[in-house]
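Q: Structure for this input, please:
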Amino acid sequence: MKAPTRRVKGKRREDEAENPPKAMRASPAPETQMVASDTSLAPAPASSPNPTPSATMEKRPFAKLLLDAINAQKELVQLPRSEPIIDAVRVPITSGSLQVEACPGSLLPPILELPGIVVGSSTKLALRHLCLRARAAGAENAGGLHPLIEVRSGGFLELADCRIEGAGLKLHPGASARLIRTRISGSRHAGVSAVDTLDLSVAECEISNCNGEGLHATSVKNLRVTDCTFSNNMQNGALVDGRAGESSFSGCTLSANGQFGLWVDSGCSVSWSRNLLVGNTLGEVGGRGSLDQSAAAFAAGDACMVWIERVGEWVPAKVLEVKDEAFLVLAEVQTGKGVDVTDASESVSVLRRTRQKAPEPSPRVKTEEIQVPADAVRLPKSSEEAPPVWSKKLEAYRRRKSAFLLFLREGGKGAAAWKALDPRERGRIQAKARKEHRDKLEAPEKGKTHSGVHGMPFGEASHARPQRAENRVQRPARKSAVFTRTKTRI
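A: Numbering: from 1, shown residues only. Next comes the predicted model:
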């Protein structure tokens, strides 16, 4: 018979002290509310069923930065260039005015990876010199259903020197936005979508490689697009429909899009001046709308950039005459370097006495009248900087400029910033550029099916089983030029 368990006095009180009942447990102090008052826009991660606010904020570093700034009544948040800041869910901003930018002196923009940003009504948000990458948040955004930045009615958004990758921008009715020197690429829908928007200004931006239109504007009251590039989009470069108000395109390049360069729906009127349409699949302009001005991109007296093959670069020029398939331009061609020989003996003696370094020779620029083909002329502030497809220096340009172009695509600030970049960061970009170039060269070779050894495609012959010795064909021995062989090769 089992002895009864002896009850220890005070044991129950100690257990209750260590594990108090649920009714007696003190609830944790609620953390300050998130940036948004609408908690439906900021769902908790599905990893923990009942996460505490502190645990939730640990997975939301960008939202915590904005929350701290709002609690401290700051309107400016500066981000350093470090590891990517990854946020788990969408970040809503529903009140006030906030500006987020890179720290002064940053040669590369900080990287934010998040499912999206929601700008609420009566809210002003400015993002400057940042790189935003789309990040899926659960099943609701696995297919890229949400835009990366969404502006609700009454909100205002400003993007300056930013990079938007993997998703686009959506403006709701009554919203406004201003985009300056911003690059949007890889969106699964339209790059910029605006419906019943009050004001939309896009200047010196590039929208490319989107599955929808580059720009889809529906019933926008005031649309201004200046010096922008729309290229390699699956559908139209730009689409204007609905009850459009004042719409204008000036100095833009719309090239290599899957459908039309510009589609203007019936009932819409677009002010069109000095825009370049080239290489679009279905045509340059479609729709039943009207263009207020001539569709010619260049006229006599217009400024342009011209590709000079012997110089190997784009040079500023002025159009003198427009022909059928060529242009007669007045270009500023750099012919060489020289020094001013005025008072040369005196200047040399001064340099010898003071031991100063001689100044570098200044380049000589000569103005010439040159006739060039139509694809060797581009607009001053839009279009790609790569040489024309017929240029012999295209491949050399890609090899030489691949790392620098990748630096610019990631948000670099130009040649001076590239030279001042940290050597380790420059080495990382160069290694990445070499890998991209190597992948481009290997991609066409993988698709080749030319017969190789034993009639098999290349790549399969190396994995094939070797033939047996009895099945091999004996080749006759090759006769030497010095003496005749007496033995046959085995």
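Q: C-alpha only now, for contacts and for neighbours.
A: Will do.
Q: What helix or strand is residue 408 located in?
A: Taking DSSP states H and E as the criterion, residue 408 maps to helix 394-409.
Q: Repeat that for residue 435.
A: Using DSSP H and E, residue 435 falls in helix 423-446.
Q: hmm, who's touching that helix?
A: 399, 402-403, 406-407, 418 (C-alpha atoms under 8 Å, 6 or more residues apart in numbering).
Q: can you do 6 Å?
A: Residues outside helix 423-446 that contact it (C-alpha atoms under 6 Å, 6 or more residues apart in numbering) are 402-403.
Q: which of the residues in that helix are buried?
A: 426, 429-430, 433 (16 or more other C-alpha atoms under 10 Å).
Q: and the angle from it to helix 394-409?
A: For helix 423-446 against helix 394-409, the angle by axes from the mean of the first three to the mean of the last three C-alpha atoms, to 10 degrees is 130 degrees.
Q: tell me the mean pLDDT for helix 423-446?
A: For helix 423-446, the mean per-residue pLDDT is 75.
Q: same question, stretch 302-322
A: Mean predicted confidence for stretch 302-322 is 87.
Q: Could you list the low-pLDDT ranges of this protein?
A: Scanning the chain for pLDDT under 70 picks out 1-59, 137-145, 244, 293-295, 334-365, 398-401, 441, 443-490.
Q: So residue 318: helix, strand or coil?
A: Following DSSP: H, G, I helix; E, B strand; the rest coil, residue 318 is assigned to strand.
Q: quick one, domains of the chain?
A: According to automatic domain parsing, the chain is divided into the following domains: 34-42+56-291, 298-337+362-378, 388-446.
Q: and the ones you listed, which is most packed in?
A: Highest mean neighbour count of the domains of the chain: domain 34-42+56-291, a mean of 21 (counted as mean count of other C-alpha atoms under 10 Å).
Q: This structure: helices as residue ranges?
A: 11-18, 53-58, 61-71, 344-354, 394-409, 415-419, 423-446 (DSSP state H).
Q: Return the longest one as PDB; C-alpha atoms alone will do.
A: This points to helix 423-446. Output of helix 423-446 as PDB, limited to C-alpha atoms (Å, rounded to 0.1, in the frame of the first residue of the first chain):
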ATOM      1  CA  PRO A 423      37.200  50.500 -51.100                       C
ATOM      2  CA  ARG A 424      35.400  47.500 -49.500                       C
ATOM      3  CA  GLU A 425      32.000  48.900 -50.700                       C
ATOM      4  CA  ARG A 426      33.500  49.500 -54.200                       C
ATOM      5  CA  GLY A 427      34.900  46.000 -54.300                       C
ATOM      6  CA  ARG A 428      31.400  44.600 -53.400                       C
ATOM      7  CA  ILE A 429      29.800  46.500 -56.200                       C
ATOM      8  CA  GLN A 430      32.500  45.500 -58.700                       C
ATOM      9  CA  ALA A 431      32.100  41.800 -57.800                       C
ATOM     10  CA  LYS A 432      28.400  42.100 -58.200                       C
ATOM     11  CA  ALA A 433      28.700  43.800 -61.600                       C
ATOM     12  CA  ARG A 434      31.200  41.100 -62.800                       C
ATOM     13  CA  LYS A 435      28.700  38.400 -61.700                       C
ATOM     14  CA  GLU A 436      25.800  40.100 -63.600                       C
ATOM     15  CA  HIS A 437      28.000  40.500 -66.700                       C
ATOM     16  CA  ARG A 438      29.100  36.800 -66.500                       C
ATOM     17  CA  ASP A 439      25.500  35.700 -66.100                       C
ATOM     18  CA  LYS A 440      24.400  37.700 -69.200                       C
ATOM     19  CA  LEU A 441      27.200  36.000 -71.200                       C
ATOM     20  CA  GLU A 442      26.300  32.500 -70.000                       C
ATOM     21  CA  ALA A 443      22.500  32.900 -70.500                       C
ATOM     22  CA  PRO A 444      22.600  32.600 -74.400                       C
ATOM     23  CA  GLU A 445      25.000  29.600 -74.200                       C
ATOM     24  CA  LYS A 446      22.700  27.600 -72.000                       C
END
